[in-house]
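K.L.:
what follows is a protein structure lacking sequence information:
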């Protein structure tokens, strides 16, 4: 399975902690991230992550293109609900694309943990048939 990670600045530490806690599960999958988020995850986990541009300068668009091409199976997108973003249309596009292409999406730690545990159990194998 291919997993994408996006985290706004206020949520990057939370993303690092999630990836530390679930490193064993994540190591078995293809990992993709926006630039800074990917670098920070790699620093604390030593996982191999394909990094795109930073989110505000096109990384979210690049991951969106992968979702459109049905190359991403799970998205963990920790958004800062209190910060206004100049790239809000790109943020909304990623969420909309997940809905259109039936890609499971977690936007907070609770849903991220549920999806990662489901992934470990094999509950998301339907994504391979969907592709």
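P.N.:
Arrived safely, thanks for sending. These numbers were taken from a predicted model, which means no experiment stands behind them. Numbering: from 1, shown residues only.

K.L.:
what are the ranges of the strands in this structure?
P.N.:
Residue ranges of the strands in the chain, as given by DSSP state E, are 2-7, 30-33, 50-51, 74-78, 105-106.

K.L.:
between the ones you listed, which gets nearest to residue 124?
P.N.:
Shortest distance between residue 124 and these, using Cβ to Cβ, is found for strand 74-78: 6.7 Å. (C-beta placed from N, C-alpha, C; glycine too.)

K.L.:
partner strands of that closest one and their direction?
P.N.:
Paired strands of strand 74-78, with direction, are strand 2-7 (parallel), strand 105-106 (parallel) (DSSP bridges).

K.L.:
average pLDDT for the longest one?
P.N.:
Translated: strand 2-7. Mean per-residue pLDDT for strand 2-7: 96.

K.L.:
do stretch 121-131 as well
P.N.:
Across stretch 121-131, the per-residue pLDDT values average to 86.

K.L.:
one more: stretch 43-56?
P.N.:
On average, stretch 43-56 scores 94.

K.L.:
that one: how far from the chain's middle?
P.N.:
Computed by Cα atoms, centre = their mean, to the nearest Å, the chain-centroid distance of stretch 43-56 equals 10 Å.

K.L.:
tell me the buried residues in that stretch?
P.N.:
Neighbour counts over stretch 43-56 (16 or more other Cβ atoms under 10 Å) mark 45, 47, 49, 51, 52, 55, 56 as buried.

K.L.:
re earlier: can I get the strands of the chain in a markdown table including distance to residue 126?
P.N.:
Listed next are the strands of the chain as a markdown table, based on distance: least, Cβ to Cβ, whole Å:
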| stretch | distance to residue 126 |
| --- | --- |
| strand 2-7 | 15 |
| strand 30-33 | 17 |
| strand 50-51 | 24 |
| strand 74-78 | 12 |
| strand 105-106 | 15 |
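
K.L.:
among the buried residues of stretch 43-56, name the ones in helices.
P.N.:
Within the buried residues of stretch 43-56, residues falling in helices by DSSP state H are residue 45.

K.L.:
looking at the buried residues of stretch 43-56, spot the one nearest residue 125.
P.N.:
Nearest member of those to residue 125, counting by Cβ to Cβ, is residue 47, at 21.7 Å.

K.L.:
right, I'll call it a day here.
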